[in-house]
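S.K.: The sequence isn't on hand, but the structure is:
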C-alpha cells in the first residue's frame, strides 16, 4: 500500500482515468450525430467545435477530479458532496487493486500513443531538413519557396516556423492570378500554424476509438483547408475563380501522377475537394459556434462522468474485490 | 530515408562533380571537415547500399556515380512528405493545396467544373446590366 502524497497522486490519476474513459465512451456515442451536422457551420465554427470535442474528455475529467477531490481535501462537512461522489481512501493507494490495474493499462497506452506521434514528427522533420539541404535556392515567389522539381505540389510544413513551398512543375503551369490564389492559401496555413494545430489536435483526440479518430482528423483537416480558402476569398473576392484554381491544380497534378491515380477512398460527394468547392460556392457559409449548446454539453457530461466515478467504483468493488 | 550529415555532403559532392572515387572525395573534405579516408569509404558504401550511388571497380578502387539525379531525389522527397497529406492518413503534419493520393478522377473533376460554371452563370445573370 502506498500512503501519503504518492497515494494521493496515484488516486488522482486513477480517478482521471475512470472519468476520461467514461467521457470518451459517452462522446463517441454522439460524435456521428455531431459530424452529420458539421456542414451547417462556418469553417471557423467547425474548427472550434472539433477542438471542443477533442478537449472535452480532458476538461471533463479534470473537473471531475476536482469535484471529487476538493470536498475531501478542503471541507470539514462533506456530507452533501459525498452523497454525489466520493473517494474512500484519498491518501491510500492499494497496489493490488483495480485502481492499480487501471493505471497499469492506462500509462503504457498513453506512452505508446505519444511515442508513435513523436516518431511521426521526427520523421517529417527529418524529411523537411533533407529537402531544405538539397533543394537549390532559387528564391521565393509570392512568399512561397520554390523547389526545383517536376512534381506539381504546393504545401506548407514545419511545426514552429511553418514554411510554404511550391514546386517548379506547378509554378510553370499557373497564371499569375492562379499563383496568387495558391500563395494566399498556403500563407494562410502558415499564419495559422496549421501543421502544428493538426499535430496538437491529433494528440488531443488520440484516445478515441480508431474510426472516430479518423473521422475527427479528416473533419479537422477539411476545416483547415476551408478556413484557408475563405482567407483567400477575403483577398481575391471571386469564389468561382478560387474554385476553378483548386480544380486546375488537381487536374495538373492528375496529369503528372497520370494513369495510376488511386480510386478515391471516399464518395465523390463526401470528398474533401468536392466539399471545399461546394463550401466556397455556397453563399450562406453557415452558423457560428454554438456556445450555449457546447456549455450545456460540458455540464451534462461532467455530471454523468462524476457520477460514473462513484458508480464504477462501487460496481467494481461489488463484482470483484477492491 | 535517413541520411547523416556527412552522407548528405558526400551525395551533394557526387551530384556536383560526377564520377568520383573515395580518395578524391577525401581530398575535398579533408580541408573543410577533416576525417579519415576510412570514414569517407564507409560513407560512400552506405550511400551505395541505400541505392543513391552506383559503383564500379576500376583497378583496386571503386568509382562512384549518382544512381538518382538531384531533381529525381528531391521529387522523391516531396512525394514522401506530401503523401503524408492524404485523407486516409491520420498522421498528417502538413497542409497541401491539393492532396496527393486518393484523388478524384477526371470525370468527377468535370462534374465539379460544371458546378463552377453554373455558379458563374448565376452570378452573371444576377449582375446589373
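M.R.: Cool, got the structure. Only a predicted model underlies this, so the values are computations on that prediction, with no experimental measurement involved.
S.K.: all contacts plus neighbour counts: C-alpha atoms, from now on.
M.R.: OK.
S.K.: Just the element for residue B:2, please.
M.R.: Element membership for residue B:2, per DSSP states H and E: none, as it lies in no helix or strand.
S.K.: Contact partners for it?
M.R.: Contacts for residue B:2 (Cα atoms under 8 Å, 6 or more residues apart in numbering or on different chains) come out as residue A:126.
S.K.: May I have the phi/psi pair for it?
M.R.: phi -90, psi 120 (degrees, to the nearest 10).
S.K.: Could you check how far it is from residue B:47?
M.R.: For residue B:2, the distance to residue B:47 equals 11 Å [Cα to Cα, to the nearest Å].
S.K.: how far away is the residue positioned nearest the centre of chain B from chain A?
M.R.: By Cα atoms, centre = their mean, chain B has its centre lying nearest to residue B:74, at 2.3 Å. Separation of residue B:74 from chain A (Cα to the nearest Cα, to the nearest Å): 7 Å.
S.K.: That residue: which element?
M.R.: Going by DSSP H and E, residue B:74 is in helix B:70-82.
S.K.: Flag every buried residue along that helix.
M.R.: B:70, B:71, B:73, B:74, B:75, B:76, B:77, B:78, B:79, B:81, B:82 (16 or more other Cα atoms under 10 Å in any protein chain shown).
S.K.: The fifth one against residue A:151, yeah?
M.R.: Pointing back at residue B:75 there. Yes - between residue B:75 and residue A:151 there is a contact under Cα atoms under 8 Å: 6.0 Å.
S.K.: Where does pLDDT dip in chain A?
M.R.: Within chain A, the ranges that satisfy pLDDT under 70 run A:73-89, A:136-138, A:257-270, A:310, A:312-322.
S.K.: Could you point out the longest helix of it?
M.R.: With secondary structure taken from DSSP state H, chain A has its longest helix at helix A:98-134.
S.K.: Now do that helix: distance to the chain's middle.
M.R.: Distance of helix A:98-134 from its chain centroid, counting by Cα atoms, centre = their mean, to the nearest Å, is 15 Å.
S.K.: Show me what that helix is packed against.
M.R.: For helix A:98-134, the packing partners by 3 or more Cα pairs under 8 Å, 6 or more residues apart in numbering or on different chains; DSSP states H and E come out as helix A:4-37, helix B:70-82.
S.K.: Now do the first one against helix A:98-134, angle only.
M.R.: Using axes from the mean of the first three to the mean of the last three Cα atoms, to 10 degrees, one finds that helix A:4-37 and helix A:98-134 are set 60 degrees apart in direction.
S.K.: and residue B:107, what does it touch?
M.R.: Contacts of residue B:107 (Cα under 8 Å, 6+ apart): none.
S.K.: Three-state assignment for it, please.
M.R.: helix (DSSP: H, G, I helix; E, B strand; the rest coil).
S.K.: ok, now residue A:289?
M.R.: Recorded secondary structure, residue A:289: coil (three-state DSSP).
S.K.: Nearest to chain B: which residue in the stretch 101-250 of chain A?
M.R.: As assessed by Cα to the nearest Cα, chain B sits closest to residue A:155 within the stretch 101-250 of chain A, at 4.0 Å.
S.K.: chain center to the helix or strand encompassing that residue: distance?
M.R.: Per DSSP H and E, residue A:155 falls inside strand A:154-157. Relative to its chain's centre, strand A:154-157 lies at 19 Å (Cα atoms, centre = their mean).
S.K.: Partner strands of it and their direction?
M.R.: Each strand paired with strand A:154-157, and its direction, by DSSP bridges: strand A:163-167 (antiparallel), strand B:95-96 (antiparallel).
S.K.: Reformat the buried residues of helix B:70-82 as TSV; add distance to residue B:6 and pLDDT.
M.R.: As requested, these are exported to TSV (distance: Cα to Cα, whole Å; pLDDT from 0 to 100):
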residue	distance to residue B:6	pLDDT
B:70	17	85
B:71	20	82
B:73	17	88
B:74	18	86
B:75	21	83
B:76	20	83
B:77	18	83
B:78	22	82
B:79	24	78
B:81	22	76
B:82	26	72
